[in-house]
Every structure is written in C-alpha cells, then in structure tokens.
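# next input, structure requested:
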Amino acid sequence: MQMMQVRIRSVGAALRFAESVLLAPGQRHARRNAWAAVCENRAYAADRRHGALGASNPAGSTGARSVRQ
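So this is what the prediction gives:
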C-alpha cells in the first residue's frame, strides 16, 4: 500500500491540513447551501424589480401620483 507523503512545516500548517481533510464535506455542503440562497435572492430581487416597474409606471400615467378614494 502506497501512502501519500505530506511534509508539514509547522503546527499551524498541520492543523489547517487536518481541518481541511475533516471538514471538506461540510464545507461543500455549506457552499451549496450558500449558492442556492444567492440564486434564490437574485430571483426574488428580479421579481421585485419587474413588479416595481409595472406598478410605478402604469400605462397612460402622466407621472403624477393619483390618489384613489
């Protein structure tokens, strides 16, 4: 069996290496969740933009705000 040799130069480097090996699956999951949240937020913002455009400039409007009673 061939072992992968990694030269560790300091205690900090050893801890970072161990952390990256042990937490890699969790970090991948967190990145996926974060990206899904970003995509959802972009879609929400786009919907709000389109909704605001339709509400702020209705057809036939002169630009003045009308008050309905």
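# residue ranges for the helices of the protein, please.
11-56 (DSSP state H).
# okay, now the unreliable bits of it?
Along the chain, segments meeting pLDDT under 70 span 1-4, 6, 54-69.
# do that again at 50, thanks
For the chain, applying pLDDT under 50 flags the ranges 69.
# how much space separates residue 39 from residue 45?
Residue 39 is 11 Å from residue 45, where distance means Cβ to Cβ, to the nearest Å. From N, CA and C alone the C-beta is placed, and that goes for glycine too.
# nope, residue 38 is what I was after
Here residue 38 is placed at a distance of 11 Å from residue 45 (Cβ to Cβ).
# residue 28 too?
26 Å.
# with residue 5 instead?
Relative to residue 45, residue 5 is positioned 49 Å away (criterion: Cβ to Cβ).
# the two: which is more packed in?
residue 45 (10 against 5; other Cβ atoms under 10 Å).
# alpha carbons only: can I get stretch 35-43 in CSV?
Taking C-alpha atoms only, stretch 35-43 is exported to CSV below (Å, rounded to 0.1, in the frame of the first residue of the first chain):
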residue,chain,number,x,y,z
TRP,A,35,-25.1,29.3,-3.6
ALA,A,36,-28.7,28.2,-3.5
ALA,A,37,-29.5,31.1,-1.3
VAL,A,38,-27.7,33.5,-3.6
CYS,A,39,-29.7,32.2,-6.6
GLU,A,40,-33.0,32.5,-4.7
ASN,A,41,-32.2,36.0,-3.6
ARG,A,42,-31.4,37.0,-7.2
ALA,A,43,-34.7,35.6,-8.4
